[in-house]
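Turn this into a model:
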Amino acid sequence: MLYERWQQIAQRHRDEIALHDLARGERWSFGELSAAVEQGNVDTAPVVFPQGISSDFIFSVLKAWRNKQVVCPLEVAQPAPHLKSLPPDCIHLKMTSATTGDARVIAFKPEQLVADAENIVATMGLRCEWPNMAVISLAHSYGFSNMVLPLLLHGIPLILVESPLPENVRSAAKNFDAITLAAVPALWRVWNDASAIPANVRLAISAGAPLPLQLEAEIFAKTGIKVHNFYGSSECGGIAYDRSDTPRTDPGCVGGAMANVDLCVGEAGCLEVRSRAVGQTYWPQPDDKLANGIFRTSDVVELSDGMVFLRGRVTDQINVAGRKVSPDAIERILLQHPSVSECLVFGVPSKDAERTEEVVACIVAKAGGGADGLKQFLQTKIPAWQMPRDWWLVDSLEVNQRGKVSRAAWREKYLSSR
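Next comes the predicted model:
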């Protein structure tokens, strides 16, 4: 199904440029890409593991589709999972964190990948004349769904950039009339600080972590470019998208439901996603959270006027003397203070057994900012029992390779330093 769809796309756009590999100085038309894939022996390995941001990744995927092999994208240097068997009728595996020491993957059938790509293209308005510039991992669900699948299933050209350094992005963009640029908030911040966001960006997308309101507003004021917040999950692809033309006013807002995606609030206030793009199952250990076209997330949400507002995660909630605190709610308030650039709130074991956990606020302060003013500010905004017991001032909030700030990682750093 996937390879046949690709062949139709390649025939329809055969003389148009499909793929630019700027690091190698090579490019292929759709016809040339199709012909190159047809060459070579048929590989019989059951699973193919493409890696990296290069043309090799694209060739590996297409050859796997041709050979009817399962594709399991990996980050560079990420070990391949050792699976004793493969889920029936599935053609794609996404890696996810496991609750035990064993590897666990998310399995997808061809039609589920097709549905995710269709939802993304329809919702975001991806266009063939606005090629995707790849600066994020193609192996991550975000990169694969937003760049690889639109190329192979919809004919949206792809530009592979050697690195996301500001000068590289600025230089690469000069070769094209218009581009679509999808990235994570950490990269948008770097490019904005370096005044390196290309003027020919026609569609700007941010996902992988919440996009700070201040950053979104700064980019809009400086360049006139609206960065659209995108919310998705490996288990189900795209969930919600901010279609607005102006900056958001609520940091929890991630836009409205993607095309062909139905959302509702389920148990414990968590979001439930229903669509044809929802993955088939976790493997080798199925879970009721992902089954029968439904993905039950751990994200606590509010649905209002067709918009989705993230209000934290059940797993991040802090237990203070039997009462639950949402770190996300405290972060939203702290970010309203003019001296706070970034912040992260998490719970740590309390020295007082009756409290169970204590609240810690990790703060990236602007020049002249300090904890004393923040304490006074919060006292008028939240109950006293939710007040952070410790304030940790840091130079920056480091992100992982997927552009996310990990509460667990920063909690461990804090406990080690304490």
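
Okay, now the unreliable bits of this structure?
Residue ranges of the chain with pLDDT under 70: 97-103, 352-355, 368-370, 400-403.

for it, what spans make up the helices?
Using DSSP state H, the helices found in the chain span residues 2-12, 30-38, 55-67, 110-124, 141-143, 149-154, 166-173, 185-193, 213-223, 327-334, 371-379, 407-417.

so which of those helices comes closest to Thr96?
helix 141-143 (9.1 Å; Cβ to Cβ). For the C-beta atoms, the positions are set from N, CA and C on the backbone; glycine is no exception.

Deepest in the core, which of the helices of the chain is it.
Each of the helices of the chain was scored by mean neighbour count; the highest is helix 141-143, a mean of 25, by mean count of other Cβ atoms under 10 Å.

all strands of the stretch 301-418 of the chain, in order?
307-313, 318-320, 323-325, 340-349, 357-365, 390-393 (DSSP state E, counting those that start in this stretch).

How much space separates the closest residue to Asp390 other than its chain neighbours from Val345?
Spatial nearest neighbour of Asp390, excluding adjacent residues (Cβ to Cβ, 6 or more residues apart in numbering): Val360 at 4.8 Å. Plainly put, Val360 is 7 Å away from Val345 if you go by Cβ to Cβ, to the nearest Å.

Next: Gln7.
Distance from Gln7 to Val345, by Cβ to Cβ: 51 Å.

and what of Arg296?
From Arg296 to Val345 the distance is 25 Å (Cβ to Cβ).

and if you look at Leu310?
14 Å.

same check, this time on Pro198
35 Å.

Likewise for Leu83?
37 Å.

Then Asp262?
Counting by Cβ to Cβ, the gap from Asp262 to Val345 is 32 Å.

Then Met95?
28 Å.

that older thread, more neighbours: Val360 and Val345, which one.
Val345 (26 against 22; other Cβ atoms under 10 Å).

what separates the residue lying closest to the more buried one once chain neighbours are set aside from Val300, distance-wise?
Leaving out its chain neighbours, the residue that sits closest to Val345 by Cβ to Cβ, 6+ apart is Pro327, at 3.7 Å. Distance of Pro327 to Val300, given as Cβ to Cβ: 11 Å.

Next: Asn119.
23 Å.

wait, doesn't Ile106 sit right on Leu93?
Yes - counting by Cβ atoms under 8 Å, Ile106 touches Leu93, with 6.9 Å between them.

any shared contact partners between the two?
Trp283 (Cβ atoms under 8 Å, 6 or more residues apart in numbering).

Let's check: the centremost residue of this structure is which one?
Gly208 (2.7 Å; Cα atoms, centre = their mean).

So what does Pro88 have for phi and psi?
When read as degrees, to the nearest 10, the backbone of Pro88 gives phi -70, psi 140.

So Ser326 sits against Gln317, correct?
Yes - Ser326 is within contact range of Gln317, at 6.0 Å (criterion: Cβ under 8 Å).

wait, what's in contact with Ala18?
Per Cβ under 8 Å, 6+ apart, neighbours of Ala18: Ala10, Trp28, Ser29, Phe30, Glu32, Leu33, Leu151, Gly155, Pro157, Leu158.

Could you measure from the second one over to Ala107?
In this case it means Trp28. Taken as Cβ to Cβ, the span from Trp28 to Ala107 is 30 Å.

the more surrounded of these two?
Ala107 (24 against 19).

Quick check: the more buried one touching Trp283?
Yes - applying Cβ under 8 Å as the test, Ala107 and Trp283 come out as touching, 4.9 Å apart.

intersection of neighbour lists for those two?
Shared contacts of Ala107 and Trp283, counting by Cβ under 8 Å, 6+ apart, come down to Pro87, Cys90, Leu93.

In a markdown table, list the residues you listed along with distance to Trp410 and neighbour count.
Shown next, in a markdown table, are those (distance: Cβ to Cβ, whole Å; neighbours: other Cβ atoms under 10 Å):
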| residue | distance to Trp410 | neighbour count |
| --- | --- | --- |
| Pro87 | 35 | 21 |
| Cys90 | 35 | 19 |
| Leu93 | 30 | 24 |
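
Which of those fall within strands?
Cross-referencing those against strands under DSSP state E gives Leu93.

Export the shared contacts of Ala107 and Trp283 as JSON lines, with columns for distance to Pro251.
Formatted as JSON lines, the shared contacts of Ala107 and Trp283 follow (distance: Cβ to Cβ, whole Å):
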{"residue": "Pro87", "distance to Pro251": "38"}
{"residue": "Cys90", "distance to Pro251": "37"}
{"residue": "Leu93", "distance to Pro251": "33"}
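
now, which of the shared contacts of Ala107 and Trp283 sits nearest Asp242?
So of those, ranked by how close each gets to Asp242 (Cβ to Cβ), first place is Leu93, at 29.5 Å.

and the closest one, what are its bridge partners?
Leu93 has these beta-bridge partners by DSSP bridges: Ala107.

check contacts around it.
Applying Cβ under 8 Å, 6+ apart, the residues near Leu93 are Val47, Val70, Val71, Cys72, Pro81, Val105, Ile106, Ala107, Phe108, Trp283.

same thing with Val227?
Trp188, Ala204, Ile205, Ser206, Leu211, Leu215, Glu216, Ile219, Phe220.

Turn the residues you listed into JSON lines, columns for distance to Ala134.
Formatted as JSON lines, the contacts of Val227 follow (distance: Cβ to Cβ, whole Å):
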{"residue": "Trp188", "distance to Ala134": "15"}
{"residue": "Ala204", "distance to Ala134": "14"}
{"residue": "Ile205", "distance to Ala134": "12"}
{"residue": "Ser206", "distance to Ala134": "15"}
{"residue": "Leu211", "distance to Ala134": "19"}
{"residue": "Leu215", "distance to Ala134": "21"}
{"residue": "Glu216", "distance to Ala134": "22"}
{"residue": "Ile219", "distance to Ala134": "20"}
{"residue": "Phe220", "distance to Ala134": "24"}
